[in-house]
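J.: Return atomic coordinates for the entry below.
(4 chains)
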There are 2 protein chains.
Amino acid sequence: MSGLHLDIKDCGQCPIRHRAVCSRCEPDELETLESIKYYRTYEAGQPILWSGDHLEFVASVVTGIATLSQTMEDGRTQMVGLLLPSDFIGRPGRDSSPFDVVAVSDVTLCCFRRRPFEDLMISTPHIGNRLLEMTLDELDSAREWMLVLGRKTAREKIASLLLIVARRDASLRKNHPSDGMAFDLPLTREAMADYLGLTLETVSRQISALKKSEIIELQGKRRVIVPDLDALVAETGDDFDGGPIA
Amino acid sequence: MSGLHLDIKDCGQCPIRHRAVCSRCEPDELETLESIKYYRTYEAGQPILWSGDHLEFVASVVTGIATLSQTMEDGRTQMVGLLLPSDFIGRPGRDSSPFDVVAVSDVTLCCFRRRPFEDLMISTPHIGNRLLEMTLDELDSAREWMLVLGRKTAREKIASLLLIVARRDASLRKNHPSDGMAFDLPLTREAMADYLGLTLETVSRQISALKKSEIIELQGKRRVIVPDLDALVAETGDDFDGGPIA
DNA sequence: GCGCGGCCTTGACCAGGATCAAATAAGCTC
DNA sequence: GAGCTTATTTGATCCTGGTCAAGGCCGCGC
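T.: All right, here's what the predicted structure looks like:
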């Protein structure tokens, strides 16, 4: 779910390694990428971008969690994306963000100055093609989430979110999700509510209900243990949910 | 809202004219586009694609209305996009659609065979860049719709949908939306419900309520008259809704 | 004209989640 | 460890929108 995705892996060139962008890059292109790259850090709770802000960079998340959201004047807010390490921030060709980006935990971004990045994209078709692919993935994720928001019950929504976090966590750690997996919830109850179109009280109640049904166990407030992944999947209302970990 | 958007305008070359794709094309590229182009028609209610189907073409809607949706096993369905004339169907680089596409009215598509279209895209960066731009627009629309699904009341949802249809209709006709606009609802109450995450009864009730509040007038079941567009905008809950007609 | 089948509206009732309120737990500062 | 603050849980009550059911409207075929 969400955030244009760049694999962060060793390509033998970048200190922070954007394999997907640079694996097919020529040395001079890599040099250009290096020359327009810099790092920024944000503390938990800090805004990274407000909607409408001028965008001076595109970036990918190196560490930490950020959210993409929009807020109505009366304060109702809806999260539209969850940005985890390796997700991409920014819109090549656009000079402002239509959404707010907020650091949920401490966040480190690897930024590329926007103009030169766009120039590179235009002169280097495989970068543009990769971005198109990532954007199409994002679009699919967004549309899948619409089903969650529009048609699922509170319990199904919570199960869907837990599953996404569980899978994402497992794929980062290369765990086998065979049976028995544990992970930390990166979000407060309120942030979960904003993601799911619920109130924080309902989120709390449904998490308690899933615990009572022994679908999940809790260690403290944030750590979740899923003894049987299939049982969790069954709670989402989908029969099989977007395939394996991916 | 939704569907990759290709302007259908006269570029002096195509019978059905994809200005956005071909305005920067060289004659030989146009010739290629022509050679891989064909038309298909579907009757109202017919499926165009089932989710998972092999995709043999990308296409743009010439006439009629189609919807993009997903359905859970128990029958709950959520529409994730509304495809109006000039909208784009298909996913370059993907060989199956993750969603169902259904003709709501009689539909004519202008199709391009997928493989050669992709080849052309790879050899012709401006087509890929245009597709990236369209996809980013789609993604923004999808995310804006998440706010509607997750946080708006039934009345606000209806108003939001009416506004989208009104604006889209106006922009196709080049009307001035100054004051007093009229349009036909392209969707049944049930389809509106599926788009908005409501039931058809609630849709019907809220439309009646808007009529009673004199925000809209009805001629028959489908034709809507909006005497004061600002009054409708006020019902959406947004202060200003994604800017002017766009 | 009559009957039929879609589509739409309206009513009565119900329930899932929101709202309001309070208590509990977990950090953090000093 | 006492006293904050903030996150979370839980309870009581309310209300929006869902569910179930009955009619109305309209076009269409005969």
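J.: Residue A:172: how many residues sit nearby?
T.: Here the number of neighbours of residue A:172 (other Cβ atoms under 10 Å in any protein chain shown) works out to 13. C-beta coordinates here come from the backbone N, C-alpha and C atoms, glycine included.
J.: I meant to write residue A:39 there.
T.: By the measure other Cβ under 10 Å, the count of residues near residue A:39 is 12.
J.: In chain A, which residue sits furthest out from the middle?
T.: residue A:28 (30.6 Å; Cα atoms, centre = their mean).
J.: And the helix or strand that one falls within, what does it pack against?
T.: Using DSSP states H and E, residue A:28 falls within helix A:27-35. Other helices and strands packing on helix A:27-35, by 3 or more Cβ pairs under 8 Å, 6 or more residues apart in numbering or on different chains; DSSP states H and E, are helix A:19-22, helix A:114-123.
J.: For that helix, list every residue counted as buried.
T.: Using 16 or more other Cβ atoms under 10 Å in any protein chain shown as the test for burial, helix A:27-35 gives A:29-30, A:32-33.
J.: Can you say which of the helices and strands packed on helix A:27-35 is nearest to chain B?
T.: Minimum separation from chain B across these (Cβ to the nearest Cβ) falls at helix A:114-123, 7.1 Å.
J.: so what pLDDT did residue A:210 get?
T.: You'll see residue A:210 listed with a pLDDT of 97.
J.: Show the pLDDT at the residue nearest to it when sequence neighbours are not counted.
T.: Among residues not flanking residue A:210 along the chain, residue A:216 sits closest, at 5.0 Å (Cβ to Cβ, 6 or more residues apart in numbering or on different chains). Note on residue A:216: pLDDT of 95.
J.: ok, now how distant is residue A:216 from chain B?
T.: With distances taken as Cβ to the nearest Cβ, to the nearest Å, residue A:216 is found 22 Å from chain B.
J.: How about residue A:126?
T.: 9 Å.
J.: okay, which residue is most central for chain A?
T.: The structure's chain A has its C-alpha centroid closest to residue A:83; by Cα atoms, centre = their mean the separation is 2.9 Å.
J.: Confirm for me that that one is in contact with residue A:62.
T.: No. With contact defined as Cβ atoms under 8 Å, residue A:83 does not reach residue A:62; the gap is 11.2 Å.
J.: residues of the helix ranked longest in chain A that come out buried?
T.: Secondary structure of chain A per DSSP state H: the longest helix is helix A:125-151. Residues A:125-151 are the ones in helix A:125-151 that count as buried (16+ other Cβ under 10 Å).
J.: if we can go back for a sec, which residues touch the residue nearest to residue A:210?
T.: The contact partners of residue A:216, by Cβ atoms under 8 Å, 6 or more residues apart in numbering or on different chains, come to A:162, A:207, A:210, A:224-227, A:232.
J.: run the last query once more with 6 Å
T.: A:210, A:224, A:226 (Cβ atoms under 6 Å, 6 or more residues apart in numbering or on different chains).
J.: out of those, who's nearest residue B:113?
T.: residue A:226 (44.9 Å; Cβ to Cβ).
J.: Run a quick neighbour tally on that closest one.
T.: 22.
J.: Is it correct that it is in contact with residue A:181?
T.: Yes. Taking contacts as Cβ atoms under 6 Å, residue A:226 lies within contact range of residue A:181: 5.2 Å.
J.: Give the residues shared as contacts by these two.
T.: Common contacts of residue A:226 and residue A:181 (Cβ under 6 Å, 6+ apart): residue A:166.
J.: Around DNA strand D, which positions in chain A sit nearby?
T.: Listed as neighbours of DNA strand D in chain A under the rule Cβ under 7 Å from any atom of the strand: A:188-190, A:200-201, A:203-205, A:207-208, A:218, A:221-222.
J.: among those residues, which one has the lowest pLDDT?
T.: residue A:221 (88).
J.: and it, what element?
T.: If you go by DSSP H and E, residue A:221 is not part of any helix or strand.
J.: what about residue A:122, neighbour count?
T.: With other Cβ under 10 Å as criterion, residue A:122 counts 15.
J.: again, but for residue A:230
T.: 10.
J.: do the same with residue A:188
T.: 14.
J.: returning to what we had before: for residue B:78, state which of the contacts of residue A:216 is nearest.
T.: Closest to residue B:78, out of all of the contacts of residue A:216 and judged by Cβ to Cβ, is residue A:210, at 23.0 Å.
J.: quick one: which helix or strand includes that closest one?
T.: In this structure, residue A:210 sits in helix A:200-212 according to DSSP H and E.
J.: Can you pull the poorly scored residue ranges out of chain A?
T.: Filtered on pLDDT under 70, chain A yields the residue ranges A:1-26, A:174-180, A:240-246.
J.: before we move on, the earlier item: nearest to residue B:115 among the residues of chain A next to DNA strand D?
T.: For the residues of chain A next to DNA strand D, the minimum distance to residue B:115 (Cβ to Cβ) is 46.3 Å, reached by residue A:203.
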